[in-house]
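[1] sequence plus predicted model, see below.
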Number of protein chains: 2
Amino acid sequence: MRPNEGLHLRLLRLLRDRGAVSRAELADRLEVPRPRLLAEVERLVGAGFVAEAGMAASRGGRRSTMVELNPDMRFAAVDLGASSIDVEVTNGRLEPLAAYRESADIRSGPKVILHRVNEILAKARTDEAYERLDAIGIGVPGPVSFRDGVPVSPPIMPGWDRYPVREMLTREHGCPAVVDNDVNIMAIGERYGGVAHSVDDFLFVKIGTGVGCGIYLAGQVYRGTDGCAGDIGHIQVDAHGPVCSCGNVGCLEAVFSGAALAKEALVAARSGSSPALAERLAAAGTVSALDVAQGAGEGDVTCIRLIRDGGRDVGRVLAGLVSFANPSMIVIGGGLAHLGHILLAEIRSVVYRRSLPLATGNLPVVLSELGPRAGVAGAAVLASDLAFGEAS
Amino acid sequence: MRPNEGLHLRLLRLLRDRGAVSRAELADRLEVPRPRLLAEVERLVGAGFVAEAGMAASRGGRRSTMVELNPDMRFAAVDLGASSIDVEVTNGRLEPLAAYRESADIRSGPKVILHRVNEILAKARTDEAYERLDAIGIGVPGPVSFRDGVPVSPPIMPGWDRYPVREMLTREHGCPAVVDNDVNIMAIGERYGGVAHSVDDFLFVKIGTGVGCGIYLAGQVYRGTDGCAGDIGHIQVDAHGPVCSCGNVGCLEAVFSGAALAKEALVAARSGSSPALAERLAAAGTVSALDVAQGAGEGDVTCIRLIRDGGRDVGRVLAGLVSFANPSMIVIGGGLAHLGHILLAEIRSVVYRRSLPLATGNLPVVLSELGPRAGVAGAAVLASDLAFGEAS
């Protein structure tokens, strides 16, 4: 082991998270001897990672000079959804300088989608007049081999299996890239700048078109043996439930997800059991999960019941996971998080009733704070860690 | 960070796992410069952890001297069950020198049980004529605060809540002690010297009087926020099932465990649906889970069905955990593991059918190799790691 291995990483992260810092404060905070710190800073200035940032206010003795991340540093954060592309370009401190969002069908395949990503990044480069990207982080809606930087047998991404996403982005943009699962990057974002800030053991549950779970254990994303940990959408909640796209029966995702809720809403609209949904169906020709949320907000009893039933199913799965993993927080995110407090109340009720008291005594179950930005926020964190790691 | 932090730990573990090793080989294996290694060995010899062990065979140059763990080193390993006390005393290499097993009711409380443990250890000291213990590892059948060395709200251990087990053992025996959950120590034992040898991510599922799960993630035991991770006995498998001792309905433990199976066996014996069990009931006045195993071995259809039903329930819970945690192995242990291949076949069938193909493509589901010794084996590993850690 090399003494002080990882000093560069700790130093660059500190500058990312705190902005300009004096050399004196850096030495204190990183707990390294002053000469060693100064040498490392000089090395990082020479390598283009760090820049001078003027003089610090006096602390009584000699005034210490400030340093910050090179202001030209740029990261690209990409969040591919089932039907959307989100891109942000940030500076070294992960402040977004430009954001783009557009619809796109992930089933168009990697060539079409990644070509579009490249076009967006080219436009961002013109818009923001930066020279080059330092790293790219990208999330995709399916299982990923984190080590290899490729999707692995992703159920809703035909044509993407083992497609060299990382290699392609690296070649195109001449910078390192990192590929992860969409739910993992949301969990990373929420831990970096959201409600799970500095929480070491938590579950991020995404309820959107599908259902998935990002897992933080001991301060690290846990990805499992094959990179598919957190695939909770296919846990069975009803042995007599509907058939799922995976071929099994009664999976959580088949019972409660954006797709499942829209299907149930259509039935409720047609049968006349929900006046609110019937009205929306008549007006728009279709109903969605969003209509259920709005109907519930207006007090429509059927809409409220649909959300409660779903919350109960999610809660039953989470109760089991709480007993198993004993996390210190559960964050609910994804498109259906806008079902809000009715959903949350039902989930909490089941989790608190069904899990061991010791595990739920102090277990907040809360909504995502970053909402639709969670994914890009996490992708930017991954990109910066990757770039900083290469500064050794 | 201190350069080469943990060298003493790596060195002592190597001697524990390989026996006598030459200084030359130690330097190679630990990848440290020869002078630094020699200094560390001298320090550990001086501190009484390491002893000279003669000359190694020549490797061509100067002959290198061998070292080994101090042959006087002794560890005590204790496994407290719901109704048993298991104790082993080992040497530094974790080879058992003495083993004791007796019945005891954990509900007698900590004073009675730990007094008995102390008596057994006093006897072992006389039997084996050693001077002192270097460390004690103990497992208890309930949740534990690993940091504090105390049981926390253990459901089947009245009187043990926050009882200072570690402190009491340390005071009595004048050596450090470590307290863990009984299922965790079985998982540790199985990874050290059993079927999960050097597997980094696996679940150890104990099916005995109760049901629990030891979790290894990234090569470490995962204990969760409150130390109660792995409490899978109270995951609901049947919303209309029997009431559990925890107050909820249809918990796995209420549906399938030693206690639940004995109850069902009694019903089957009385109703006449199982000739094998009726015969045993008539002969012994009672029936147990063991009778079900023997009945199944003789081809009794009801006994086979009871085991299959239980295996299906366990399998459904494990399928969910496989989707969540994506482990690379599942080990089945505990008293009911002797239900053998009928149980295993049913668990496998459900797990392989219900979980994501990516997660089960290469997922062995196997029986514990160490059987009833798994617990003490793991407690000895914990004790040795604790003692070695204090050699810094």
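    Looks like it arrived, so ask away.
[2] quick one, helices of chain A?
    Under the criterion DSSP state H, chain A contains helices at A:7-18, A:23-30, A:34-46, A:110-128, A:165-173, A:182-193, A:252-255, A:258-271, A:275-284, A:289-297, A:301-325, A:340-354, A:357-360, A:374-389.
[3] now mean neighbour count and mean pLDDT too, for those, in a markdown table please.
    For glycine as for every other residue, the C-beta is placed from the backbone atoms N, C-alpha and C. Formatted as a markdown table, these follow (neighbours: other Cβ atoms under 10 Å in any protein chain shown; pLDDT from 0 to 100):
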| stretch | mean neighbour count | mean pLDDT |
| --- | --- | --- |
| helix A:7-18 | 18 | 94 |
| helix A:23-30 | 17 | 92 |
| helix A:34-46 | 15 | 94 |
| helix A:110-128 | 16 | 95 |
| helix A:165-173 | 19 | 97 |
| helix A:182-193 | 28 | 96 |
| helix A:252-255 | 25 | 94 |
| helix A:258-271 | 19 | 93 |
| helix A:275-284 | 17 | 94 |
| helix A:289-297 | 22 | 91 |
| helix A:301-325 | 23 | 94 |
| helix A:340-354 | 19 | 91 |
| helix A:357-360 | 20 | 78 |
| helix A:374-389 | 26 | 97 |
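[4] for chain B, find the nearest of those helices.
    Chain B sits nearest to helix A:301-325 of all these, at 4.1 Å, using Cβ to the nearest Cβ.
[5] gap between that closest one and the chain center?
    Between the centre of helix A:301-325 and the centre of its chain there are 22 Å (Cα atoms, centre = their mean, to the nearest Å).
[6] now do it and helix A:275-284, the angle between them.
    110 degrees (axes from the mean of the first three to the mean of the last three Cα atoms, to 10 degrees).
[7] and helix A:301-325, is it in reach of chain B?
    Yes - applying Cβ under 8 Å from any Cβ of the partner chain, one finds helix A:301-325 touching chain B at A:316-317, A:319-321, A:323-325.
[8] do the same with stretch A:332-346
    No - using Cβ under 8 Å from any Cβ, we find that stretch A:332-346 stays clear of chain B, coming within 15.4 Å at best.
[9] list of residues touching that stretch?
    Stretch A:332-346 is touched from outside by A:186, A:190, A:204-209, A:211, A:257-258, A:261, A:289-290, A:292-293, A:296, A:304, A:307-308, A:310-312, A:314-315, A:347, A:365-368, A:370-371, A:374, with contacts defined as Cβ atoms under 8 Å, 6 or more residues apart in numbering or on different chains.
[10] check the separation of the first and last residues in stretch A:201-216.
    The straight-line separation of the ends of stretch A:201-216 (Cα to Cα, to the nearest Å) is 5 Å.
[11] mind checking the pLDDT average for that stretch?
    In this model, stretch A:201-216 has a mean pLDDT of 94.
[12] please state the offset of that stretch from the chain centre?
    Here stretch A:201-216 is found 9 Å from its chain centre; the criterion is Cα atoms, centre = their mean.
[13] in that stretch, what counts as buried?
    A:201-216 (16 or more other Cβ atoms under 10 Å in any protein chain shown).
[14] that stretch and chain B in contact?
    Yes - contact between stretch A:201-216 and chain B, assessed by Cβ under 8 Å from any Cβ, occurs at A:201, A:213, A:215.
[15] and for the residue nearest in space to the middle of chain A, nearest residue in space, chain neighbours not counted?
    Nearest to the mean C-alpha position of chain A, counting by Cα atoms, centre = their mean, stands A:Met186 at 1.1 Å. Once flanking residues are discounted, A:Met186 sits nearest to A:Ala374: 4.0 Å by Cβ to Cβ, 6 or more residues apart in numbering or on different chains.
[16] was I right about the one you found contacting A:Glu190?
    Yes - the pair A:Ala374 / A:Glu190 is scored as a contact, 5.3 Å apart, by Cβ atoms under 8 Å.
[17] overlap in contacts, these two.
    Taking Cβ under 8 Å, 6+ apart as the contact rule, the neighbours common to A:Ala374 and A:Glu190 are A:204, A:333, A:368.
[18] and which of those is nearest B:Glu40?
    If you rank the shared contacts of A:Ala374 and A:Glu190 by distance to B:Glu40 using Cβ to Cβ, A:Phe204 comes first, at 43.5 Å.
[19] what pairs with that closest one across the strands?
    Residues in a beta bridge with A:Phe204, per DSSP bridges, are A:Gly214, A:Val331.
[20] look up how far B:Ala124 lies from it.
    49 Å (Cβ to Cβ, to the nearest Å).
[21] also A:Cys228?
    For A:Cys228, the distance to B:Ala124 (Cβ to Cβ) stands at 47 Å.
[22] do A:Asp291 as well
    From A:Asp291 over to B:Ala124 (counting by Cβ to Cβ), the distance is 72 Å.
[23] the residue nearest to A:Val144 when sequence neighbours are not counted: neighbour count?
    Spatial nearest neighbour of A:Val144, chain neighbours left out: A:Asn181 (5.0 Å); criterion: Cβ to Cβ, 6+ apart. Neighbours of A:Asn181 under the rule other Cβ atoms under 10 Å in any protein chain shown: 27.
[24] list the contacts of A:Asn181.
    So, once contact is read as Cβ under 8 Å, 6+ apart, A:Asn181 ends up touching A:139-144, A:212, A:214, A:223, A:227, A:230.
[25] over to A:Val89?
    Contact analysis of A:Val89 by Cβ under 8 Å, 6+ apart lists A:74-77, A:96-98, A:121, A:124, A:128, A:130, A:133.
[26] from the residues you listed, which single one is nearest chain B?
    In terms of Cβ to the nearest Cβ, no member of the contacts of A:Val89 lies closer to chain B than A:Ala77, at 25.4 Å.
[27] just flag the most distant two among the buried residues of stretch A:201-216.
    The distance between the two most remote of those (Cβ to Cβ) is 27.2 Å, for A:Asp201 and A:Thr209.
[28] hmm, A:Gly54 is touching A:Met66, no?
    Yes - the pair A:Gly54 / A:Met66 is scored as a contact, 5.3 Å apart, by Cβ under 8 Å.
[29] overlap in contacts of these two?
    Shared contacts of A:Gly54 and A:Met66, defined by Cβ under 8 Å, 6+ apart, comprise A:Ala20.
[30] more neighbours: which of these two?
    The residue with more neighbours, out of A:Gly54 and A:Met66, is A:Met66; 20 against 10, by other Cβ under 10 Å.
[31] distance of that one from chain B?
    Per Cβ to the nearest Cβ, to the nearest Å, A:Met66 is found 25 Å from chain B.
[32] likewise A:Pro327?
    6 Å.
[33] ok, that residue - contacts?
    Counting by Cβ under 8 Å, 6+ apart, A:Pro327 has contacts A:201-203, A:216, A:321, A:363, B:224-225.
[34] and the stretch 101-250 of chain A, which residues reach chain B?
    Residues of the stretch 101-250 of chain A lying near chain B by Cβ under 8 Å from any Cβ: A:143, A:152-153, A:201, A:213, A:215, A:217-218, A:220, A:222-232, A:234-236, A:246, A:248.
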